[in-house]
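S.K.: starting from these lines, generate the structure:
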Amino acid sequence: MSKKISAENIKELRSKTGAGMMDCKKALEASKGKIDIAIENLRKKGLAFADKKSNRVATEGLIDSYIHAGSRVGVLVELNCETDFVARQPEFHKLTKDIAMQIAASQSVRYISKNDIPEDVILYEKNIELNKEDIINKQIDVKKKIIEGRVNKRFKELCLMNQPFIRNPDINIEELVKQHIALLGENIKIRRFERFLLGEGLEAKSGDFTQEVSNMINNT
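M.R.: Model prediction:
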């Protein structure tokens with residue numbers, strides 16, 4: 001039986017490492033509640049102390065691009081750090097390229113994190129789930145839990161930070177960024193991105209030449 005992880009345990013580990021709440025919870029679960037092992041594991045993953053840097057100003061960095069084979073999908077991404085020195089490091093360049101490649105591969109992604117999702121999109125997704133036939137007759141409290149679970153799942157699909165890293169699915173993009181914060185010693189933020197799909201938003205032109213000729217004759 002796995003050891004139950006208390007909020008106090010998580011708070012203690014967070015205060016000792018500066019890692020995020022969910023990262024602390026996962027580390028404690030993996031170490032069966034042993035703080036020292038959890039700290040060691042967080043440090044190996046590069047997560048310890050990363051959160052302490054997350055509020056520092058990051059205005060340097062790179063704008064990079066990725067064009068997928070066949071030139072039908074392209075991405076522009078801006079990744080920020082604190083100094084020009086770190087922006088020139090090969091590890092930072094590789095991270096930028098990896099994130100651009102991740103965006104190209106993530107068709108559902110629209111936002112960086114849940115905090116970036118507009119309120120109208122949140123309400124829209126909740127209304128969709130609220131009106132699904134399979135929950136109409138369920139009790140209100142049960143219905144609320146189902147809606148919350150489904151909406152949170154949908155938000156994870158929409159947010160870049162929640163995506164499993166394509167080069168290592170054992171971590172997500174948020175953890176990847178934290179690892180580089182620990183490695184390079186500066187705050188790193190994905191500021192913005194744009195994904196381009198060839199022909200997206202354009203109507204396919206009809207190839208019915210006979211109909212076009214017929215319309216021209218009828219209009220003369």
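
S.K.: domain boundaries for the protein, per the record?
M.R.: 7-49, 60-197 (automatic domain parsing).

S.K.: helices and strands of the chain: which one bottoms out on pLDDT?
M.R.: Least confident helix or strand, the chain: helix 209-218 with a mean of 55, by mean pLDDT, DSSP states H and E.

S.K.: now do the helix or strand hosting E91, average pLDDT.
M.R.: When elements are assigned from DSSP states H and E, E91 belongs to helix 90-105. Per-residue pLDDT over helix 90-105 has a mean of 96.

S.K.: check stretch 10-24 too.
M.R.: The average pLDDT for stretch 10-24 rounds to 77.

S.K.: buried ones in it, by neighbour count?
M.R.: I10, L13, R14, K16, T17, G18, A19, G20, D23, C24 (16 or more other C-beta atoms under 10 Å). (Each C-beta comes from the backbone N, C-alpha and C, glycine too.)

S.K.: would you reformat these as CSV and include secondary structure?
M.R.: Converted to CSV, those look like this (DSSP: H, G, I helix; E, B strand; the rest coil):
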residue, secondary structure
I10, helix
L13, helix
R14, helix
K16, helix
T17, helix
G18, coil
A19, coil
G20, coil
D23, helix
C24, helix
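
S.K.: closest one to N152 out of the residues you listed, please.
M.R.: G20 (16.9 Å; C-beta to C-beta).

S.K.: same for the strand or helix carrying Y124, what does it pack against?
M.R.: Element membership for Y124 (DSSP H and E) is helix 119-130. With contacts taken as 3 or more C-beta pairs under 8 Å, 6 or more residues apart in numbering; DSSP states H and E, helix 119-130 sits against helix 140-158.

S.K.: done for today, thanks.
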